[in-house]
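[1] just the structure for this:
(2 chains)
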Amino acid sequence: MVSPKPPAIDIEALSFTYPDKTVALKGLDLKVADGECLVIVGPNGAGKSTLLLSLNGLIETEGKITIKAEVMNKKNLKEIRRLVGVVFQDPDDQLFMPTVFEDVAFGPINMGMREEEVHARVHQSLGLVGMDALEGRLSHHLSFGEKKLICIATVLAMDPAILVFDEPTANLDPRARRHLISLLMDDLRQTKVISTHDMNFAAEVADHVVILYKSKIVADGPAREILTDERLLLEYGLEMPTNIDLKS
Amino acid sequence: MHHNYLDRFASLGSPIHRLDPRIKVISLFAFVLTVVITPATSFYAFFAYFCLIMAIVFLSDLPLSFVFKRSLVIIPFSLMVGLFNLFFKPPIVFINMMVKSWLSVLAIVTLSSTTPFNVLLSALEALKVPHIIIDILSFMYRYVFTLIDRVMKMERARVSRSYGRLGLKQMSAVGNMLGSLFINTYERGERIYMAMVSRGFDGQVLGRTHFVLTVYDAVFLGYMVTALLLIRIMVVRW
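    Sure, this is the predicted structure:
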C-alpha cells in the first residue's frame, strides 16, 4: 500500500535494552501509514508493550522515531505525547484521579486549556465513548468495561492524531468487546496502533499486521495476507483467526 | 468488588451536605480547637458541645447509629493513652482526654460523612494545604480499594491451599504475601507514573474544582463561631 501522504509513524533501527540487560527490541524498522490500523501480534514477552511505550517516549530507546514528520527528541516529547495517545492495558493504572471527570480533564488541563474548553473536551470525549452519564462517578465504583471506555476518553480529550492500545480486548466481556470494535471501526478515525493476542479481533480491525517475535519484526504486511497464512502464524506461536470476515 | 463504606452517606442532599466544604473544614477546626482549650472540669460546656454537634448531625440526615459507630474507632487509641495516664495523674485527666477526643471524632465523622472525599480534597487545596499532601491523599483514596481487592484475592488463594487457620507455620506465607504486595504496589506506581506522563504530567496535578461562597455558608459559619464562643465564655464561667 503506497500512501501519497508521509507515514504517520516512521521507525528506523529501533532498539531497546532494559537496565537488567534484557533485550526487548532489536533493530526494528516500521512504517505506519496515515489513517490505517496497524495490529501488532506476537507471543508474550516478544516486545509488543515495549514498542508501544517507545511511541510515547516513555522509555529511552536507540534509533529514530518520526511521528507526523517530527523526529522524536527530548525537547518535543510534550508535543509527541499530545499527538500520540496511549490506552494502557490495566485501566486502574490510567484512571488515577478520584472522579471520572478529573481523570478525563487531566490531559486537557496539563495542556493549559481554559476551564470552559476543558469542560467541553470532557463532555465531547465521554460522549463519544457513550459514558457521559458517568462524569461525576468515582473511578473505583465502575465496572471493568466502563473503566476501559473512560480510559479511551481520557486519551481522546487530548485530541491525538494517533491512538495506541495495549491489548484492548483483554478481560472485556463479549458485549464490551463488541462495543469496543464498533467504536474503533466507526468512530475513531485516527491512525491506530494496537497490540493484541485476540486474533479474531485483529482480523476485524486490522489493515496492516506486524508479527513481533523475540524482539524482532518477523512479518510485516497487509492484514489479509498475514492473517490467512496459517504456516507463518503457527511458526511464531500464533493461531489463524476463526472469523473469515477479513477486511481487504 | 465494591467498597462504598468509606463515604456511604456523602452524597445525600441535606443542608449540611450542601455547605461549602471549605466552611465545613474551618468549622471543624474551630470546633476541635475550642473543645481542646476548654478546662477539664467544665462538664456543662462539654455537654453543650455535644448538643451542638448533635444538632448538626440531626440537620445532616445521617443515621445516628452510623455516626456513633464510626466515632468508636478512636476509643482504643485514646483509651490506651488515657489508661497510661491514670498511673501518673488524677482521674480527671483521663476523663478529660476521653471526652475531648470523642467529641472531636464525632465532629470529624460528621464532616467526612457529609462531604465526598474528592470534594474535601478540593476544599483543602483551596485552603492552601500543600499540593504534595493533597496528591498523596488523593492517590491513597483512589488506590486503597485496589489494594484491598488485591489483599482479599491473595488471602483467598492462601486459604484455598492451606486448610484454613492461620497458624505459626503459615507466618512465612504471610511474609511472602507482604513482599509480593510491596512489589506489586511498586510496579503499579511505575505504571501509573507512565500513564500520567503520557498525558502531559510535569510535576504537579493541576486545577481541581472551584467553589463559590454563598450567604448561606457565611450564616452557617457565623452561627457556628457564635455558638462555640458562647459556650466557651458563658458556660465555662458557671
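[2] wasn't A:Gly221 part of a strand?
    Yes. Secondary structure of A:Gly221 (DSSP: H, G, I helix; E, B strand; the rest coil): part of a strand.
[3] just the pLDDT at it, thanks.
    According to the model's per-residue confidence, A:Gly221 sits at a pLDDT of 95.
[4] which non-adjacent residue is nearest it?
    A:Val209 (6.8 Å; C-beta to C-beta, 6 or more residues apart in numbering or on different chains). The way it works is simple: take the backbone N, C-alpha and C, and place the C-beta from them, glycine included.
[5] mind checking which helix or strand the one you found is in?
    When elements are defined using DSSP states H and E, A:Val209 is found to belong to strand A:208-213.
[6] buried stuff in that strand?
    Taking 16 or more other C-beta atoms under 10 Å in any protein chain shown as the neighbour-count basis, strand A:208-213 is seen to contain the buried residues A:208-213.
[7] what's the closest of these to chain B?
    When these are ranked by distance to chain B (C-beta to the nearest C-beta), A:Leu212 comes first, at 20.0 Å.
[8] contacting residues for that closest one?
    A:40-42, A:46-48, A:51, A:218 (C-beta atoms under 8 Å, 6 or more residues apart in numbering or on different chains).
[9] which residue is the nearest non-sequential neighbour of the residue of chain B found nearest chain A?
    Closest approach between chain B and chain A, counting by C-beta to the nearest C-beta: B:Gly200, at 3.3 Å. Distances taken as C-beta to C-beta, 6+ apart place A:Asn110 nearest to B:Gly200, at 3.3 Å, with adjacent residues excluded.
[10] quick check: that neighbour touching B:Ser198?
    No. The pair formed by A:Asn110 and B:Ser198 falls short of the contact definition of C-beta atoms under 8 Å, at 10.5 Å.
[11] between the two, which has more neighbouring residues?
    Neighbours per residue, other C-beta atoms under 10 Å in any protein chain shown: of A:Asn110 and B:Ser198, the larger number sits with B:Ser198, 28 against 22.
[12] so where's chain B uncertain?
    Counting by pLDDT under 70, chain B has low-confidence residues at B:1-7, B:163-166, B:207-209, B:236-238.
[13] need the residues of it near chain A, please.
    Applying the criterion C-beta under 8 Å from any C-beta of the partner chain, the portion of chain B that neighbours chain A consists of B:2-4, B:116-118, B:121, B:138-139, B:141-143, B:145-146, B:188, B:191-192, B:194-202, B:205-208.
[14] if we can go back for a sec, okay if I get the contacts of A:Leu212 as JSON lines plus secondary structure and distance to chain B?
    Rendered in JSON lines, the data for those read as follows (DSSP: H, G, I helix; E, B strand; the rest coil; distance: C-beta to the nearest C-beta, whole Å):
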{"residue": "A:Ile40", "secondary structure": "strand", "distance to chain B": "18"}
{"residue": "A:Val41", "secondary structure": "strand", "distance to chain B": "22"}
{"residue": "A:Gly42", "secondary structure": "coil", "distance to chain B": "21"}
{"residue": "A:Ala46", "secondary structure": "coil", "distance to chain B": "19"}
{"residue": "A:Gly47", "secondary structure": "coil", "distance to chain B": "16"}
{"residue": "A:Lys48", "secondary structure": "helix", "distance to chain B": "15"}
{"residue": "A:Leu51", "secondary structure": "helix", "distance to chain B": "14"}
{"residue": "A:Val218", "secondary structure": "strand", "distance to chain B": "27"}
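[15] among those residues, which ones are buried?
    In the contacts of A:Leu212, burial by neighbour count holds for A:40-42, A:46-48, A:51, counting by 16+ other C-beta under 10 Å.
[16] neighbours around B:Ala45, how many?
    Close neighbours of B:Ala45, defined as other C-beta under 10 Å, add up to 21.
[17] that's a helix at it, yeah?
    Yes. According to three-state DSSP, the state of B:Ala45 is that of a helix.
[18] surely it touches B:Thr38?
    Yes. In this structure, B:Ala45 sits in contact with B:Thr38. The criterion is C-beta under 8 Å, and the distance is 5.1 Å.
[19] now the strand holding A:Val209 - C-alpha only, CSV.
    Extracted C-alpha coordinates of strand A:208-213, given in CSV (Å, rounded to 0.1, in the frame of the first residue of the first chain):
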residue,chain,number,x,y,z
HIS,A,208,-1.9,-3.8,8.4
VAL,A,209,-0.3,-6.6,10.6
VAL,A,210,3.1,-7.0,12.1
ILE,A,211,4.4,-10.1,13.9
LEU,A,212,6.8,-9.4,16.6
TYR,A,213,8.9,-12.4,17.8
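[20] gap between it and the chain center?
    14 Å (C-alpha atoms, centre = their mean, to the nearest Å).
[21] cool, and stretch B:145-161?
    Using C-alpha atoms, centre = their mean, we find the averaged C-alpha position of stretch B:145-161 to lie 26 Å away from the chain's own average C-alpha position.
[22] ok, now stretch B:77-96?
    Mean C-alpha position of stretch B:77-96 versus that of the full chain (C-alpha atoms, centre = their mean) differs by 24 Å.
[23] give me the residues contacting that stretch.
    Outside of stretch B:77-96, the residues that reach it under the criterion C-beta under 8 Å, 6+ apart are B:40-41, B:97-98, B:101-102.
[24] could you rerun that using 10 Å?
    Residues from elsewhere that reach stretch B:77-96 (C-beta atoms under 10 Å, 6 or more residues apart in numbering or on different chains): B:38-43, B:46, B:75, B:97-102, B:104-105.
[25] just the buried ones from these?
    Among the contacts of stretch B:77-96, the ones that count as buried by 16+ other C-beta under 10 Å are B:38, B:42, B:46, B:97-102, B:104-105.
[26] among those residues, which two are most distant?
    Taking C-beta to C-beta, the two most distant members of the buried ones among the contacts of stretch B:77-96 are B:Ser42 and B:Val105; they sit 19.3 Å apart.
[27] next, the nearest residue to A:Arg189 once chain neighbours are set aside: phi, psi?
    Take A:Arg189 and drop its neighbours on the chain: the residue closest to it by C-beta to C-beta, 6+ apart is A:Gly35, 7.1 Å away. Its backbone dihedrals place A:Gly35 at phi 90, psi -10, with angles given as degrees, to the nearest 10.
[28] next one: A:Gly35 from A:Gln190, what distance?
    A:Gly35 sits 8 Å away from A:Gln190 when distances are taken as C-beta to C-beta, to the nearest Å.
[29] please say which of the two ends up with more neighbours.
    Neighbour totals were compared for A:Gly35 and A:Gln190, and A:Gln190 leads with 21 against 14 (other C-beta under 10 Å).
[30] any idea how far B:Asp135 is from the nearest residue to the more buried one once chain neighbours are set aside?
    Of all residues not flanking A:Gln190 in the chain, A:Leu163 sits nearest, at 4.8 Å (C-beta to C-beta, 6+ apart). Separation of A:Leu163 from B:Asp135 (C-beta to C-beta): 28 Å.
[31] who has more neighbours, those two?
    When A:Leu163 and B:Asp135 are compared on other C-beta under 10 Å, the one with more neighbours turns out to be A:Leu163, at 22 against 14.
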